[in-house]
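1. the sequence and its predicted three-dimensional model are supplied below.
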Amino acid sequence: MRATCPAFNGNRANLEKHILLSLAENENFDDYWEYIHNPKSFFRNYIQNHIKKYCSEQNNKIKTFLKISVGDIKNVILSAIHESTARAKDKSSTVSGRLDLFCDHLRSNLNFPRKDLISIEHQEINDFLKEAMCEGLDDLMVTVEKICLSMPVEDMVPEIQNMLSEHLCGCWKQCPFCGAICTNTIPNHDGDHSVPFHRPKAVNGGQWANTDHFNIDCCTSLVASDCVFIWNNSREISFKTYRHAGGEYATWSIPPDTSTQPYWKWFVCHFRSNLEEKYEKKFTGRGEIPDAWTNITKQNVLDDLKK
Ligand SMILES: [Zn+2]
Ligand SMILES: [Zn+2]
């Protein structure tokens, strides 16, 4: 699945790019709201829906893949039986020694616990051991194939979801100003949280102090300005020294940068009235949306993301 779904064939930052693309394509404000405010559950649902869709569309492909995999596993075990028998013939080995060899041969391809073979250690050493193993294997693989092929593909969704979620996990901390998600691939990582692209503060409901005017500036330009923010409803802190606010603020690295991406500018223009209604603030005064932003088209945004 990871090889065939572009959303899943990289790290979480790659997945997020695909999420932003699909959000823009669908233009659903409620989905954006969930993504901005509950990113972890949004990602989980996105992964789950993607797997369900994939499984229902690729049902036959998955069954064929399982059949081939069962065949491959059988061949690996057969060759381990033959190789360990051939090597054991050179020296006078015990059944236990022979089974050790068998597990050694398997180890590079399969995780097979040696302890599972304890029950047959008492058997006589002769060619019957090899034959018994091959025959047992045939019966076993027929059963395994039957179980695999009779299992509804939908039943595999939770397991695939767990594997993918584990692979695509990472740090979930959000920028205290704009809500952008830290892109570090390690949960509870050392060092500061960071993200290559911040968003206009308004995306997260940010406003200018003592007004109901949205703040449409990006954190990266705010930290280069002389502006201040009100911390804890009382203290004024300069954006330049945002770390002095402590807590979450002290754990983020937000380097000053004036370059901005079109994505969230388009979002702000496109969902202007939804944002005003939800946050009960206005795009006016210092939060007036520049004309240049309204000229950004959805196509511009999609092209920029795909770069
Ligand atoms: Zn930010
Ligand atoms: Zn982080």
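-> Great, that's in hand. Note that the structure is predicted; figures quoted are calculated from it, not measured. Numbers count the residues shown, from 1 in each chain. Ligands and ions are numbered 1, 2, ... in the order given.
2. mind giving me the domain ranges of this protein?
-> Domains of the chain are assigned by the TED database as 56-166, 170-306.
3. between those, which one is nearest to ligand 1?
-> In terms of Cβ to the ion, the element of these nearest to ligand 1 is domain 170-306, at 3.1 Å. To be clear about C-beta, it is placed using only N, CA and C from the backbone, and glycine gets the same treatment.
4. in TSV, list the domains of the chain along with mean neighbour count.
-> Output for the domains of the chain, formatted as TSV (neighbours: other Cβ atoms under 10 Å):
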stretch	mean neighbour count
domain 56-166	14
domain 170-306	16
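5. of all these, which one is nearest ligand 2?
-> When those are compared by Cβ to the ion, domain 170-306 sits nearest ligand 2, at 3.0 Å.
6. tabulate the domains of the chain in a markdown table, adding columns for mean pLDDT and distance to residue 35.
-> Shown next, in a markdown table, are the domains of the chain (pLDDT from 0 to 100; distance: least, Cβ to Cβ, whole Å):
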| stretch | mean pLDDT | distance to residue 35 |
| --- | --- | --- |
| domain 56-166 | 82 | 16 |
| domain 170-306 | 94 | 9 |
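7. okay if I get those as a markdown table plus distance to ligand 2?
-> What follows is the domains of the chain, written out as a markdown table (distance: least, Cβ to the ion, whole Å):
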| stretch | distance to ligand 2 |
| --- | --- |
| domain 56-166 | 17 |
| domain 170-306 | 3 |
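8. so which residues of the stretch 151-300 of the chain form strands?
-> Here the stretch 151-300 of the chain has its strands, by DSSP state E, counting those that start in this stretch, at 228-231, 235-238.
9. a markdown table for those strands, including distance to residue 140?
-> Formatted as a markdown table, these follow (distance: least, Cβ to Cβ, whole Å):
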| stretch | distance to residue 140 |
| --- | --- |
| strand 228-231 | 65 |
| strand 235-238 | 67 |
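10. dump those strands into JSON lines; add distance to ligand 1 as well.
-> Supplementary listing: the strands of the stretch 151-300 of the chain in JSON lines, determined by distance: least, Cβ to the ion, whole Å:
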{"stretch": "strand 228-231", "distance to ligand 1": "12"}
{"stretch": "strand 235-238", "distance to ligand 1": "15"}
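11. residue 56: which of those is closest?
-> For residue 56, the closest of the strands of the stretch 151-300 of the chain is strand 228-231, at 47.9 Å, according to Cβ to Cβ.
12. ok, back up a step: let me know which of the strands of the stretch 151-300 of the chain is the nearest to residue 39.
-> strand 228-231 (22.4 Å).
13. what sits against residue 6?
-> Residues near residue 6 by Cβ atoms under 8 Å, 6 or more residues apart in numbering: 14, 18.
14. 6 Å instead?
-> Not one residue lies near residue 6 by Cβ atoms under 6 Å, 6 or more residues apart in numbering.
15. the one 5 residues further on too?
-> Listed by Cβ under 6 Å, 6+ apart, the contact partners of residue 11 are residue 185.
16. would you list the phi and psi of it?
-> Dihedral angles of residue 11 (phi, psi; degrees, to the nearest 10) stand at phi -90, psi -170.
17. gap between it and residue 120?
-> 45 Å (Cβ to Cβ, to the nearest Å).
18. before we move on, back to that, so can I have JSON lines of the domains of the chain showing distance to residue 17?
-> Output for the domains of the chain, formatted as JSON lines (distance: least, Cβ to Cβ, whole Å):
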{"stretch": "domain 56-166", "distance to residue 17": "16"}
{"stretch": "domain 170-306", "distance to residue 17": "6"}
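19. where exactly do the helices run in the protein?
-> 12-26, 29-37, 39-57, 59-90, 95-107, 127-150, 157-167, 219-222, 247-250, 262-270, 272-279, 291-294, 298-306 (DSSP state H).
20. export those helices to TSV and tack on distance to residue 212?
-> Formatted as TSV, those follow (distance: least, Cβ to Cβ, whole Å):
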stretch	distance to residue 212
helix 12-26	27
helix 29-37	19
helix 39-57	26
helix 59-90	53
helix 95-107	66
helix 127-150	60
helix 157-167	39
helix 219-222	19
helix 247-250	23
helix 262-270	16
helix 272-279	9
helix 291-294	20
helix 298-306	28
